[in-house]
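>>> only geometry, no sequence info:
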Ligand SMILES: Cc1cc2nc3c(=O)[nH]c(=O)nc-3n(C[C@H](O)[C@H](O)[C@H](O)COP(=O)(O)O)c2cc1C
Ligand code: SF4
């Protein structure tokens, strides 16, 4: 299998990534007391670093206790960043060239009612989810800024904010967000969260610190992002493209493209045999965003392809072709990163026959939803 295009270098805000493999953020719900990395967390990321991907995203990490969707989710704040140093040091020791970016999130309406506090940007009648005031929103934006600066101190090369999959960031940007005031209604108001966040971090972080954004190109839910209005559901990428351009202008240096929603359309997030053409749709969404910006773009949704026996082409074939054709800059390993984070090194060293290919069974996703530590249930 020819993967010469996957082995080409690329720059992310002046940092050189030595290839086009990216391990996507995937929650493992395995943090130690207080949301800090456990020995299991460190072991997991050391394996990823050894696996050869040039870009590694650390899983969704909450900006505070109340922002959690998982009982053992990582939490990074201005007070606990030192506990994250063993994690960044382990990754850099294993692969000094790896670009290590932490994903920050607030679960919003998906925060647990048992051990966190669900909040939303707009009203969901009958849900019991508290709608944040403008000053509550400002506090949360400051929380993202503080956690980003803490991430820099802990040794991460950058942070990514998650505005996809139905978490709080998604609430802001959806056409459904018709709240009054400065955070709802117009596209400018719905994206103020991103511009204010970027401004806040850039004012204090080092010049090389990378800011990333993970967007849902098309949520495929009524009034969701990637549709033309609060009553619409037909795919319309006008705001997706506008969002990518706005992010680049605001100082975001890398965009990761996802789709779907944990609320009502999870099949689109991670395509399976139930919805194989979701894989190809992800290719199109990443390509549309890539056309709109000059910063690197990361694609997702490849795990179902595996070795090609699913009949819609193989992981390696489509990864290399999409990079070659300029459809994407990095190809993400989502579930494949649980099944075998060694895929990059095995493919680059002509050992493709040794890869444990993800079967897209979603056993890992089931563990996450039932609040258990997440791992691959096929390759133990
Ligand atoms: C168990 C599990 C955990 C995930 N955790 C995250 C996460 O922390 N942040 C995020 O943005 N996406 C998360 N995702 C989505 C993946 O990053 C990825 O977009 C998705 O699995 C599709 O890529 P794939 O086909 O390679 O699996 C998760 C997916 C799974 C199955
Ligand atoms: S549990 Fe299934 S979907 Fe998850 S990584 Fe393993 S093979 Fe892939």
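Structure's in. What do you need? Because the structure is a prediction, the values reported are computed rather than measured. Ligands and ions are numbered 1, 2, ... in the order given.

>>> residues contacting residue 201?
145, 148, 149, 159, 209, 211 (C-beta atoms under 8 Å, 6 or more residues apart in numbering). Using the backbone N, CA and C atoms, a C-beta is placed for each residue, glycine as well.

>>> for it, give its distance to ligand 1.
Plainly put, residue 201 is 19 Å away from ligand 1 if you go by C-beta to the nearest ligand atom, to the nearest Å.

>>> what does the pLDDT read for that residue?
Per-residue confidence at residue 201 stands at 98 (pLDDT).

>>> I'd guessed residue 84 sits against residue 154; true?
Yes - the pair residue 84 / residue 154 is scored as a contact, 3.8 Å apart, by C-beta atoms under 8 Å.

>>> what residues are shared contacts of these two?
When C-beta under 8 Å, 6+ apart defines a contact, the residues bordering residue 84 and residue 154 alike are residue 76.

>>> these two: who's more crowded?
Summary of the neighbour comparison: residue 84 and residue 154, criterion other C-beta atoms under 10 Å, with residue 84 having more neighbours (25 against 20).

>>> quick one, what contacts the more buried one?
If you count contacts by C-beta under 8 Å, 6+ apart, residue 84 has them with 36, 37, 76, 150, 151, 154, 155, 156.

>>> sitting in helices, which of the residues you listed do you find?
Counting by DSSP state H, the members of those that fall within helices are 150, 151, 154.

>>> ligand 1: which of these is nearest?
Proximity of the ones in helices among the contacts of residue 84 to ligand 1 (C-beta to the nearest ligand atom) peaks at residue 151, which lies at 14.9 Å.

>>> count the residues that sit near that closest one.
For residue 151, the count of nearby residues is 27 (other C-beta under 10 Å).

>>> same question for residue 271.
The number of residues packed around residue 271, counting by other C-beta under 10 Å, is 25.

>>> run through the helices of the chain in chain order.
All helices of the chain, identified by DSSP H, fall at 39-50, 85-94, 134-154, 168-173, 187-190, 192-204, 238-250, 277-292, 315-324, 335-339, 343-348, 363-369.

>>> hang on, isn't residue 4 packed against residue 321?
No - Residue 4 sits out of contact with residue 321 when judged by C-beta under 8 Å, with a separation of 11.4 Å.

>>> okay, those two: which has more neighbours?
residue 321 (17 against 10).

>>> on that earlier part again, from the contacts of residue 201, which single one is nearest ligand 1?
Closest approach between the contacts of residue 201 and ligand 1, by C-beta to the nearest ligand atom: residue 159, at 12.7 Å.
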